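J.: Any chance you could fold what I've pasted below:
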Amino acid sequence: MVKLLKWFFIGSLAFIVLSNIWIVGSTRQGIIKDSRALLEAEVGLVFGTSQHQIKGGSNPFFAHRVESARELLQTGKVERLILSGSKDSIYYDEAEAMKSALIAQGISGEILLLDKHGNRTIESLTRLKDVYGYEQCVLITQEYHAYRCLFIAQKLGLSAQCYVAKTPDRKDHYRALLRELLARAKAVIDLYILSEIDS
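T.: From the prediction side, this is the model:
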């Protein structure tokens, strides 16, 4: 039993490492850090996150995504935004929070579409294509998350680039980065083993 558990652990670790290598290696070209290098698209998809940290205070991940989204609108790289996030209650609505923040920065609410069913990255991207009808887009999130977003987008047949928002100090957010390493492995399982979406 101990030997079996040992090999299961080694196999799981190898799968996680190989999944991360595959996802990062196959999507690297779509990661854009300078907005001037982006191809223009009709729509940008902003992935939701909490406006506040668990311990209180504003969430820098949220603030940087909103800022990057505003920049793309004002420079004409995208014409409108889909704000996709989860809604647990009237008190927690990621899409509405992003809309409020963008309007406060001078963006018209008329070009903001709210997707309140984006509970997972795969759901946000699937709905972008199947519900809103877009096949070309600019994705907006932090770099650590961008690789998985593009990996799923490629599987869906979307033509996408990802404009990376500023990432807060990695020392302060190592848990999010660790979760992403595991999430990439789960994405491979979802897409190629469980076949959650069709290409």
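J.: Going by C-alpha atoms from here, please, whenever you check contacts or count neighbours.
T.: Fine.
J.: Just give the number of residues close to the closest residue to Cys162 other than its chain neighbours.
T.: Using Cα to Cα, 6 or more residues apart in numbering and skipping the chain neighbours, the partner closest in space to Cys162 is Leu139 (4.4 Å). Using other Cα atoms under 10 Å, Leu139 has 27 neighbouring residues.
J.: In a helix, Leu139, correct?
T.: No. Under DSSP: H, G, I helix; E, B strand; the rest coil, Leu139 sits outside any helix and is assigned strand.
J.: residues touching it, list them.
T.: Gly44, Leu45, Val46, Phe47, Ala146, Cys149, Ala160, Gln161, Cys162, Tyr163 (Cα atoms under 8 Å, 6 or more residues apart in numbering).
J.: What values do phi and psi take at the first one?
T.: Gly44 has phi and psi values of phi -120, psi 140 when expressed as degrees, to the nearest 10.
J.: Report how many residues lie close to it.
T.: 29.
J.: The third one too?
T.: Each residue near Val46 was counted by other Cα under 10 Å, and the total is 26.
J.: looking at this structure, which helix or strand is least sure?
T.: In the chain, the helix or strand scored least confidently by mean pLDDT, DSSP states H and E is strand 87-89, which has a mean of 85.
J.: where in this structure is pLDDT low?
T.: Counting by pLDDT under 70, the ranges of the chain that qualify are 170-172, 196-199.
J.: The chain: strands as residue ranges?
T.: Per DSSP state E, the chain carries strands over the ranges 31-32, 41-47, 78-84, 87-89, 92-93, 112-115, 136-142, 159-165.
J.: mind listing what's buried in the fourth one?
T.: What it means is strand 87-89. Residues Lys87 are the ones in strand 87-89 that count as buried (16 or more other Cα atoms under 10 Å).
J.: just the helices in the chain please.
T.: Assigned by DSSP state H, the helices in the chain fall at 2-27, 60-74, 94-104, 121-130, 143-156, 174-188.
J.: Name the residues that touch the second one?
T.: With contacts defined as Cα under 8 Å, 6+ apart, helix 60-74 is touched by 35, 44, 46-51, 78-81, 98, 101-102, 105, 107, 140-142, 163-168.
J.: angle of that helix against strand 159-165?
T.: Angle, helix 60-74 to strand 159-165, by axes from the mean of the first three to the mean of the last three Cα atoms, to 10 degrees: 120 degrees.
J.: Look up phi and psi at Gly85.
T.: Per degrees, to the nearest 10, the backbone of Gly85 is at phi -160, psi 180.
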